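>>> Here you go, sequence then predicted model.
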Amino acid sequence: MIVLPVIKYLFKIIIYQSKFLYLIYIKIVTNNFVDLLITNTAKESNNELMNTQNKIKDTKNFVIFQLGSYPWQSPKEATSGSGILHEAQHEVFNMMDGVASYSIFPSGFARQKNSELNRNDVRIYEMDSEVPEYSHPDGHRWGGVGQEYVNKFISDHEKLVYDYMLEIENSFEAGSEIKLFIAHNTAINSIIAKKVMKRRAENGLSVPPIVIFLHGTAMIMMKNELRETELVKSGKMLESDRIWPSTFHKQLTELGVFDDCNKPGNANLAYAISEENMEVFSELFPKFDKTKFILANPGFNSCFVPQPEMKLQDVLKKAKLRHLGLSKENTFDLRTDYKHMIVFVGQFVGWKRIDAVLRAAKIWEAEFGDKLLTLIIGKQKKEYNIELQTLNENLGNKNTFFVGPLMQPELADLFAAADVCTFPSKAEPFGMVLIEALACGTPVVGANSGGPKDFMTEEVGFLVPETDDKQVFSENLAKAVIKAIKEDWKTKMSKKCVEVAAPFSNFIKTKTLLEDTKKLLGGLE
């Protein structure tokens, strides 16, 4: 067919004239033109949410139940990539004809409440503490909460999930039931899913297939659990000196969650966000059937689009960013007259290598002076935040600022206005934030490890070679970023960035994922 290439070419010429044309272009590139127009309109329409509320009552739908491990993002509560992915997937499922999704997620200190959410398709586990994290080096994490806390979290969720599933199915006609259970994250939600299905089977209820969404942080935690277990066994570490949890991998193994993929109540399928993700999981649970993996790269939301008509100064004025320093005296509004901008977004954890960004910033600030702004965006964990901001001050960085977590539309504006984004994580499980930046037409400098190797090329940025030498890595990171600005990669690479990101549209990825799931599990209609 000659028509499609011609249309693609014409749209590539006028691509930056409007967001609407961009959206049309993306779907033509991915051969899903009609879907995008429907999806984008639905995503941004308040009426669509009301339609979703009505649709989920239809018993003819393919009903999916999802259990999240992190909160959904809101102005009241920051979250991780897992939480963002869960919410996006839930909403896309509910936009599809003949599909309905119900979800549960936890909220730290009950910042988000069921009474305020007021939705039939979502329940919140209202906690009186922060939601524990898997791989964070400090603060409230699973490694420091104690077994009593873990047991309560599991038992509370077991009851909440069981009761909510029953409530959903009781609203259906006789014979209708939940067809698929998706547990986000590999550790605690897999345990909860197993226990819920055991109870359903004991009470004569159907046991839907379980899919475990493998996120990298939980697997990092369990790798460290096994490492410390070996150290304790060999006498090289005292049990009391353990930093990581000692029971998650042990419980999953004892319960046999990943032993027999054909057994009801076990994990029947696994979504992996990268090839490396699959390999790590297989090392942790070698009995899991390797034919039961689906490569499920996350997708980006529709707010991430190029905005070439917007000037950096205008974006900064709109954003009204503040540097959140370690004291009130050190907290202030940012200038809005910068000529260039570099953006980092990520959790405040060691493997995200924020320290490398700060060391590199010293080098590129020496090159560009007060013309260049560097933003560090993310939820600031107290101890690590103090360490990073102290490092930033000691390095003498004058235009590198910590602005806290931001909502996705705010990130989209900043990505689109940046000259380059840098996400130098070590062995990033996938790299959704890289895809989001590329979708905005902005080149990326990352690290040559983990998921980004699957989609990054020198046509859209650069992956810095891995090394354990922090100073060398930081210097190489700085060189790449300086080159990106001086050679104007933004102008040269922008269209290619959009093309590389296009297949990762959240609607496309989620729709394909469900189709692949039905095929692999068989008999799901």
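Nice, I can see it.
>>> May I see the buried residues of the longest helix along the chain?
Identified as the longest helix of the chain according to DSSP state H is helix 147-170. By 16 or more other CB atoms under 10 Å, the buried positions in helix 147-170 come out as 150, 153, 154, 157, 158, 160, 161, 162, 164, 165, 168, 169. C-beta: built from backbone N, CA, C; applies to glycine.
>>> Next secondary structure element downstream of that helix?
strand 180-184 (DSSP states H and E).
>>> Residues in contact with that next one: which ones?
By CB atoms under 8 Å, 6 or more residues apart in numbering, the residues outside strand 180-184 that reach it are 62-70, 82, 85-86, 89, 189-190, 192-193, 197, 208-213, 215, 271, 517, 521, 524.
>>> Of those, just the buried ones, ChimeraX syntax please.
In ChimeraX, a selection of the buried entries from the contacts of strand 180-184 looks like this (16+ other CB under 10 Å):
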select :62,63,64,65,66,67,68,69,70,82,85,86,89,189,190,192,193,197,208,209,210,211,212,213,215,271,517,521
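>>> Just the ones of the contacts of strand 180-184 in helices?
82, 85, 86, 89, 189, 190, 192, 193, 197, 517, 521.
>>> Looking at those, spot the one nearest residue 397.
residue 82 (30.7 Å; CB to CB).
>>> what about the protein, any weak spots by pLDDT?
Counting by pLDDT under 70, the chain contains low-confidence ranges at 1-60, 135-139, 523-525.
>>> ok, which stretches of the stretch 1-150 of the chain are helices?
In the stretch 1-150 of the chain, the helices defined using DSSP state H, counting those that start in this stretch lie at 3-14, 19-29, 33-43, 46-55, 81-95, 114-117, 147-170.
>>> With the stretch 301-450 of the chain instead?
For the stretch 301-450 of the chain, applying DSSP H, counting those that start in this stretch gives helices covering 312-319, 354-368, 382-395, 408-417, 432-439.
>>> what helices or strands is the third one leaning on?
In this structure, helix 382-395 packs against helix 354-368, strand 400-404, with contacts taken as 3 or more CB pairs under 8 Å, 6 or more residues apart in numbering; DSSP states H and E.
>>> tell me the angle of the shortest one relative to helix 382-395?
Taking axes from the mean of the first three to the mean of the last three CA atoms, to 10 degrees, strand 400-404 and helix 382-395 form an angle of 160 degrees between their directions.
>>> before we move on, the earlier item: want to throw the buried residues of helix 147-170 into JSON lines with distance to residue 386?
Below are those laid out as JSON lines (distance: CB to CB, whole Å):
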{"residue": "150", "distance to residue 386": "28"}
{"residue": "153", "distance to residue 386": "28"}
{"residue": "154", "distance to residue 386": "33"}
{"residue": "157", "distance to residue 386": "33"}
{"residue": "158", "distance to residue 386": "38"}
{"residue": "160", "distance to residue 386": "36"}
{"residue": "161", "distance to residue 386": "38"}
{"residue": "162", "distance to residue 386": "42"}
{"residue": "164", "distance to residue 386": "40"}
{"residue": "165", "distance to residue 386": "43"}
{"residue": "168", "distance to residue 386": "45"}
{"residue": "169", "distance to residue 386": "49"}
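>>> Many thanks, have a good one.
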